[in-house]
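Participant: Sequence first, predicted model second:
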Amino acid sequence: MQYYSTNKSAATVRLPYAVLKGLADDGGLYMPESIPQLPASFFETIHTKTLPEIGYAVASALIGDEVPADVLKKIVEETLNFPIPAVRVENDIYSLELFHGPTMAFKDVGARFMSRLMAYFNQNESRELKVIVATSGDTGSAVAAGFYNVPGIKVYILFPKGKVSPLQQKQLTTWGGNITAIEIDGTFDDCQKMAKQALGDAELNKNNLLTSANSINIARLIPQSFYYFWAFAQLREKGKPLVFCVPSGNFGNITGGLLAAAMGLPVHHFIATTNANDVVPEYLRTSVYKTRPSVQTISNAMDVGNPSNYARMCELFDHNHQRFCEKISGYAFSDEETRKAMVSVKAQGYLLDPHGAVAYLGLKEYLRESKAEATGVFLETAHPAKFREVVEETLGEAVEIPQQLQAFIAKQEQIIHLPNDYEQLKNMIDR
């Protein structure tokens, strides 16, 4: 399998290069040259397979012989060693709970898979691999957990000052060792821009072996397709068309679903929901794509004004607005609407985090407008306790903090503070 750049001016490469480089030489994102189709028999028997078995089948189709079968099976099994249940919230509406991993966020799937794949591809390299990641909250903690103490790898996590929840910050700043947490005086978009500058800096790359752990890395995209297949396996017996609603910031999560659909997963429709940072929903409405500075909301992991994976979505839809709209609907919701949804759904007995609440709202709106007879699945991407302050303020009651999150509260933070200045970051990485 060869991988090409979305900017179309770099050479095609094999997967090991794409994973260890992160960003293509021309600044584009890597995509598979062709998308493999899974056989009909796979979907006919999918309900009899375990989550790791499904993950391995999907991964092997995309990775081919770049990784030996026994190694890839082990990577997938270690990645998917926690449950991802589809939980009924109301009639024909399910929450796909992606928060049962070690850092209690969906990015555990991508980060755990990526760290193991990188370690395998880098095992014969004498130089230290330096991983650069920008985070609006959950990516940083998942990457830190996935890469902590992995030999031959050092991680730099860039996060925006004052714009992640206190518990999220604890999860990404208390590791030490090979994990360096860097607080940037700016927004997530500033952090992402600095990370991309480093990855595209010829001088820095000459002296260092650099890669990315953001969803710009193809090694994050591949595993994020796994749980869409798993949701289908759990809900197949319902016998209705499947609709997925994905809370979206950098749009890597929904792109994983689109990749699954391109491989043959029978999905009736996707819904991309955002907070006030509605660049993609606006494009779907108007056919005009215009990035802008992000604004802060209570669903901070989606505070992205220049989503990287829009480039991959364009490739999947041949840069055709009509094709976009045939497969995806887009909605945006305010903080006030998000809070109302959290209160309403809690009254039904289900606790939402702010991101899941945005997804729930989008799913309800699509089903209302389309009048589709479908099984709706919204992605609940993080445990509500990770946003305790927002959830407790909204609901007026305490939220129980799971033990694995409590463990971070008493830990000492280790933070390097930097201004929004790429040269200072470059000097730090180039030491």
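Facilitator: The structure has been received and is ready for your questions. Residues are numbered from 1 along each chain as shown.
Participant: shaky segments in this structure?
Facilitator: Nowhere does the chain drop to pLDDT under 70.
Participant: Grab the longest strand from it for me.
Facilitator: As assigned by DSSP state E, the longest strand anywhere in the chain is strand 153-160.
Participant: in its sheet, what does it sit against?
Facilitator: Sheet pairing here is set by DSSP bridges, and for strand 153-160 it gives strand 129-134 (parallel), strand 179-184 (parallel).
Participant: got the contact list for it?
Facilitator: If you take C-beta atoms under 8 Å, 6 or more residues apart in numbering as the criterion, strand 153-160 is touched by 115, 118-119, 122, 128-137, 140, 143-144, 147, 169, 172, 178-184, 186-188, 190-191, 194-195, 213, 425, 428-429. All C-beta spots, glycine's among them, are computed from the backbone N, C-alpha and C.
Participant: filter the residues you listed to the buried ones?
Facilitator: 115, 118-119, 122, 129-137, 140, 143-144, 147, 169, 172, 178-184, 186-188, 190-191, 194-195, 213, 425, 429 (16 or more other C-beta atoms under 10 Å).
Participant: phi, psi of the residue nearest to residue 85 when sequence neighbours are not counted?
Facilitator: Nearest residue to residue 85 in three dimensions, chain neighbours excluded: residue 97, at 5.4 Å (C-beta to C-beta, 6 or more residues apart in numbering). Main-chain torsions, residue 97, degrees, to the nearest 10: phi -80, psi 110.
Participant: and if you look at residue 380?
Facilitator: phi -90, psi 100.
Participant: now it, nearest residue through space, not along the chain?
Facilitator: The nearest residue in space to residue 380 (C-beta to C-beta, 6+ apart) is residue 356, at 3.9 Å.
Participant: before we move on, back to that, distance from the longest strand of the chain to the middle of the chain?
Facilitator: Mean C-alpha position of strand 153-160 versus that of the full chain (C-alpha atoms, centre = their mean, to the nearest Å) differs by 16 Å.
Participant: repeat for stretch 229-245
Facilitator: Distance, centroid of stretch 229-245 to centroid of chain: 20 Å (C-alpha atoms, centre = their mean).
Participant: sorry, back to before: in which helix or strand does the residue nearest to residue 380 reside?
Facilitator: Following DSSP states H and E, one finds residue 356 within helix 354-370.
Participant: Tell me the buried residues in that helix?
Facilitator: Neighbour-count burial for helix 354-370 flags 354-367 (criterion: 16+ other C-beta under 10 Å).
Participant: I'd like to know which elements that helix is packed against.
Facilitator: When contacts are defined as 3 or more C-beta pairs under 8 Å, 6 or more residues apart in numbering; DSSP states H and E, helix 354-370 sits against strand 93-97, strand 242-247, strand 269-274, strand 328-332, helix 335-347, strand 375-380.
Participant: again, only this time at 7 Å
Facilitator: Contact partners of helix 354-370 among helices and strands, from 3 or more C-beta pairs under 7 Å, 6 or more residues apart in numbering; DSSP states H and E: strand 242-247, strand 269-274, strand 328-332, helix 335-347, strand 375-380.
Participant: quick one, the fourth one and strand 93-97 angle?
Facilitator: Interaxial angle, helix 335-347 versus strand 93-97 (axes from the mean of the first three to the mean of the last three C-alpha atoms, to 10 degrees): 100 degrees.
Participant: go on, the first one?
Facilitator: The directions of strand 242-247 and strand 93-97 differ by 60 degrees, with the same axes, to 10 degrees as the criterion.
Participant: JSON lines please, covering the helices and strands packed on helix 354-370 and showing mean neighbour count and distance to residue 420.
Facilitator: What follows is the helices and strands packed on helix 354-370, written out as JSON lines (neighbours: other C-beta atoms under 10 Å; distance: least, C-beta to C-beta, whole Å):
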{"stretch": "strand 242-247", "mean neighbour count": "28", "distance to residue 420": "27"}
{"stretch": "strand 269-274", "mean neighbour count": "26", "distance to residue 420": "24"}
{"stretch": "strand 328-332", "mean neighbour count": "22", "distance to residue 420": "26"}
{"stretch": "helix 335-347", "mean neighbour count": "17", "distance to residue 420": "25"}
{"stretch": "strand 375-380", "mean neighbour count": "26", "distance to residue 420": "31"}
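Participant: ok, now how distant is residue 344 from residue 391?
Facilitator: Using C-beta to C-beta, to the nearest Å, residue 344 is found at 14 Å from residue 391.
Participant: Taking the buried residues of helix 354-370 together, which two end up most distant?
Facilitator: 354 and 367 (20.9 Å; C-beta to C-beta).
Participant: ok, residue 283 - contacts?
Facilitator: Neighbour list for residue 283: residue 289 [criterion: C-beta atoms under 7 Å, 6 or more residues apart in numbering].
Participant: Can you list the buried residues in the strand or helix carrying it?
Facilitator: Here residue 283 sits within helix 279-286, counting by DSSP H and E. For helix 279-286, a neighbour-count test (16+ other C-beta under 10 Å) marks 279, 280, 281, 282, 283, 284 as buried.
Participant: List the first helix or strand encountered after it toward the C-terminus.
Facilitator: Taking DSSP H and E, what comes next after helix 279-286 is helix 310-316.
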